[in-house]
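K.L.:
Give me coordinates for this.
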Amino acid sequence: MKFRINLSRREGLGLALAAAVLLAGGAHAPAKDMIPLPRPRPLGLDAAPTIPLPPLRPSIPPTVETPEPALPSPCVLRLTADIAIVEPLPPIVAANGCGIADPVRLSAVMSKDNVRIAVTPPATLRCTMAEAVARWLREDVAPIAATLGAPLGGVANFDSYECRGRNRVVGAMLSEHGKGNAIDIRALTLANGRNYELTDIHVDKDARERLKASACARFTTVLGPASDGFHENHVHVDLAERRSGYRLCQWAVRDGSEIVPLPRERPAEAPPREP
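P.N.:
Here you go, the predicted model:
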């Protein structure tokens, strides 16, 4: 049995073209999806010169302003090493009005004979107060102490800067200690090792009278025995500022004759006295 297929001329051309593509090993994908390969570079042309990249810009650290250290105050400059050994401290700011704008740590004073007078423990004070203490010890206390048998070698610092009310009474006015404007001194130590308390009735009275007079001449407040009941075993000096330049000097320089012994109590088991 024979079959006859009748194709139009256009259909015949289409089949012939498709057969040609298959015989030539053409791509299976449509022509629009084919990606053409780049044309090879012609021979004899030099490669394009390589342009170096610019160097990286070095990182610039941020500008930090370093505050200049504060210059020593005129007071600190006056306290040279041949007068006193002081260490400037940062300003002290505390609660309740306490603090010191120009504090120093006073650890020693040099006498006119170049003898070191230690302040034990070192006192934290306002610089002007430290200067007043240094000149008092150097010019007045050292010569007076020398009359007791040996050069002055040290002073016992009972209290210097402390943020508190007067006499440590709760609610009292701010003490000059809270401003670094006061120091309490209990005793003097001579170079031979002997200690003399300023309030000891057994210490030469004339020397203690002279110490009192010199303190009252240099400081605006001097408190010792018989002042207020809080200074019976030490002497307080400060530079408190008052109206009209008022000064306070209360230090009773006592001796043994002023101490009246209390009567002894009669023992309970003692026999009754005869009438």
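
K.L.:
Contacts only, for D82.
P.N.:
The contact partners of D82, by CB atoms under 8 Å, 6 or more residues apart in numbering, come to M110, N114. (Each C-beta comes from the backbone N, C-alpha and C, glycine too.)

K.L.:
how near is it to S111?
P.N.:
Going from D82 to S111 by CB to CB, to the nearest Å gives 10 Å.

K.L.:
go on, D200?
P.N.:
D200 is 22 Å from S111, by CB to CB.

K.L.:
And those two? Which one has more around it.
P.N.:
Neighbour count, other CB atoms under 10 Å: between D200 and S111, S111 has more, with 20 against 14.

K.L.:
Surely that one touches P151?
P.N.:
Yes: if you go by CB atoms under 8 Å, S111 and P151 touch, sitting 6.9 Å apart.

K.L.:
list residues touching both of the two?
P.N.:
Joint contacts of S111 and P151 (CB under 8 Å, 6+ apart) are A142.

K.L.:
Identify the residues contacting the helix or strand containing P122?
P.N.:
Using DSSP states H and E, the element containing P122 is strand 116-126. The contact list for strand 116-126 (CB under 8 Å, 6+ apart) reads 85, 89, 92, 100-111, 130, 133, 137-138, 142, 152-157, 160-161, 179-181, 183, 189.

K.L.:
at 6 Å instead, please
P.N.:
Applying CB atoms under 6 Å, 6 or more residues apart in numbering, the contact partners of strand 116-126 are 100, 103, 105-109, 111, 137, 152, 154-155, 157, 160-161, 180-181, 183.

K.L.:
Of those, which qualify as buried by neighbour count?
P.N.:
100, 103, 105-109, 111, 137, 152, 154-155, 157, 160-161, 180-181, 183 (16 or more other CB atoms under 10 Å).

K.L.:
and L137, that one's in a helix?
P.N.:
Yes: looking at L137 with DSSP: H, G, I helix; E, B strand; the rest coil, it is inside a helix.

K.L.:
Go ahead and confirm it touches V109.
P.N.:
Yes: here L137 reaches V109: they are 4.6 Å apart, a contact under CB atoms under 6 Å.

K.L.:
what's around the closest residue to S227 other than its chain neighbours, how many residues?
P.N.:
Closest residue to S227 apart from its sequence neighbours, by CB to CB, 6 or more residues apart in numbering: Q250 at 3.8 Å. Using other CB under 10 Å, Q250 has 16 other residues around it.

K.L.:
For Q250, give the beta-bridge partners.
P.N.:
In this entry, Q250 is beta-bridged to L223, by DSSP bridges.
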